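Peer 1: curious how this folds, go ahead:
(chains A and B)
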Amino acid sequence: QKEVEQNSGPLSVPEGAIASLNCTYSDRVSQSFFWYRQYSGKSPELIMSIYSNGDKEDGRFTAQLNKASQYVSLLIRDSQPSDSATYLCAVNGGMDSSYKLIFGSGTRLLVRP
Amino acid sequence: KAGVTQTPRYLIKTRGQQVTLSCSPISGHRSVSWYQQTPGQGLQFLFEYFSETQRNKGNFPGRFSGRQFSNSRSEMNVSTLELGDSALYLCASSFGLGGNTGELFFGEGSRLTVL
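Peer 2: Just a heads-up that it's a prediction; the model follows:
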C-alpha cells in the first residue's frame, strides 16, 4: 500500500466550479499535511498546510483534514484556468517513516474555460 | 532573495557512468532534501541533509549518495547509472528539517537521461 494516495486524474471542471482534490495516507501518527501545486514543466510550490482536524481556508483554497479517516482534501472555489496544474498531497511520515515528507503522485486538474 | 539553484539543468549519460548533481539552497536555509520525480512514481524521497548530516534516507539503493557542505550546498551522486535512473531530480531547501516544517522550496531540477 502506498503511503500517500491520490487519484491521478485528470479532474476536469468548468471555470467557476469547485474543484475537489482528495488524498489518503496510511500512517496514523502523521501530524502535518500539505498541498503543493506543480505547473507543467515547473517545480512544486507550497500552497496550503493543515495540522488539525477540520477546515482551513486561504482565499479560494480550503484544506480539510480528517485524521480518523486518514483523509485530506483540497477544495478550490471559483476555479480558474490558471489553476490547471498537478496538485501534490504531502504528509509528514510520522515516526515509522522517520518524519520524512512523503508525497503522493499528484492529481492533475484541468479547468475548462 | 535568490531561490534554490540546481546544476546542471539537463544532462545525458550512458549506462554504467556516474553523475553528480549540485544544489545551492536559499540563503539561511540549513536543510536540503533531494527527490526523484518520474511520471510513474511521482516524487520519491531520496535523502535529507541538515547541518552537513544526513537526517533521513529514502528507499533507494546505495548507488545513490549525497553530502552537504558547511555552506549548506549539497551534492548528490548516482553511480553505475541504469536506464531506470532517468528522471527529474529535484532539490528542495528549508529553514528547519523539511519533514518537520513541510515548507520546502524547490529548485528547477536536473533532468537526467540515461541511454
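Peer 1: what does the helix or strand of chain A with the lowest mean pLDDT contact?
Peer 2: Every helix and strand of chain A was ranked by mean pLDDT, DSSP states H and E. The lowest is strand A:101-103, at a mean of 89. Residues from elsewhere that reach strand A:101-103 (C-beta atoms under 8 Å, 6 or more residues apart in numbering or on different chains): A:3-4, A:25, A:34, A:36, A:88-93, B:33, B:35, B:42-45, B:98-99, B:102, B:104. Using the backbone N, CA and C atoms, a C-beta is placed for each residue, glycine as well.
Peer 1: next step: those restricted to strands.
Peer 2: By the criterion of DSSP state E, membership of those in strands covers A:4, A:25, A:34, A:36, A:88-92, B:33, B:35, B:42-45.
Peer 1: of those, closest to residue B:81?
Peer 2: residue B:44 (16.6 Å; C-beta to C-beta).
Peer 1: nearest residue to that closest one other than its sequence neighbours?
Peer 2: Counting by C-beta to C-beta, 6 or more residues apart in numbering or on different chains, residue B:36 is the residue found nearest to residue B:44 once chain neighbours are left out, at 4.7 Å.
Peer 1: go ahead and confirm that neighbour touches residue B:46.
Peer 2: Yes. Residue B:36 lies in contact with residue B:46 (C-beta atoms under 8 Å); the separation is 5.9 Å.
Peer 1: what do these two both touch?
Peer 2: Shared contacts of residue B:36 and residue B:46, counting by C-beta under 8 Å, 6+ apart, come down to B:60, B:89.
Peer 1: got a pLDDT number for the closest residue to chain B within chain A?
Peer 2: Of all residues in chain A, residue A:105 sits closest to chain B, at 3.4 Å by C-beta to the nearest C-beta. Note on residue A:105: pLDDT of 93.
Peer 1: residue A:20 belongs to a strand?
Peer 2: Yes. Counting by DSSP: H, G, I helix; E, B strand; the rest coil, residue A:20 is found in a strand.
Peer 1: hmm, it is touching residue A:73, no?
Peer 2: Yes. Using C-beta under 8 Å, residue A:20 is in contact with residue A:73, at 6.3 Å.
Peer 1: where does the closest residue in space to residue B:11 that isn't next to it in sequence land on pLDDT?
Peer 2: Spatial nearest neighbour of residue B:11, excluding adjacent residues (C-beta to C-beta, 6+ apart): residue B:112 at 5.7 Å. Residue B:112 is assigned a predicted lDDT (pLDDT) of 98.
Peer 1: any idea which element residue B:112 lies in?
Peer 2: Using DSSP states H and E, residue B:112 sits in strand B:110-114.
Peer 1: what packs against that strand?
Peer 2: Strand B:110-114 sits against strand B:10-13, strand B:19-24, strand B:87-94, with contacts defined as 3 or more C-beta pairs under 8 Å, 6 or more residues apart in numbering or on different chains; DSSP states H and E.
Peer 1: give me the neighbour count for residue 37.
Peer 2: You didn't say which chain, so I picked chain A. 20 (other C-beta atoms under 10 Å in any protein chain shown).
Peer 1: actually it's chain B I care about, not the one you picked
Peer 2: 22.
Peer 1: ok, and the closest non-adjacent residue to it?
Peer 2: Nearest one to residue B:37, counting by C-beta to C-beta, 6+ apart, is residue B:88 at 4.5 Å.
Peer 1: so what's that neighbour bridging to?
Peer 2: Residues in a beta bridge with residue B:88, per DSSP bridges, are residue B:37, residue B:111.
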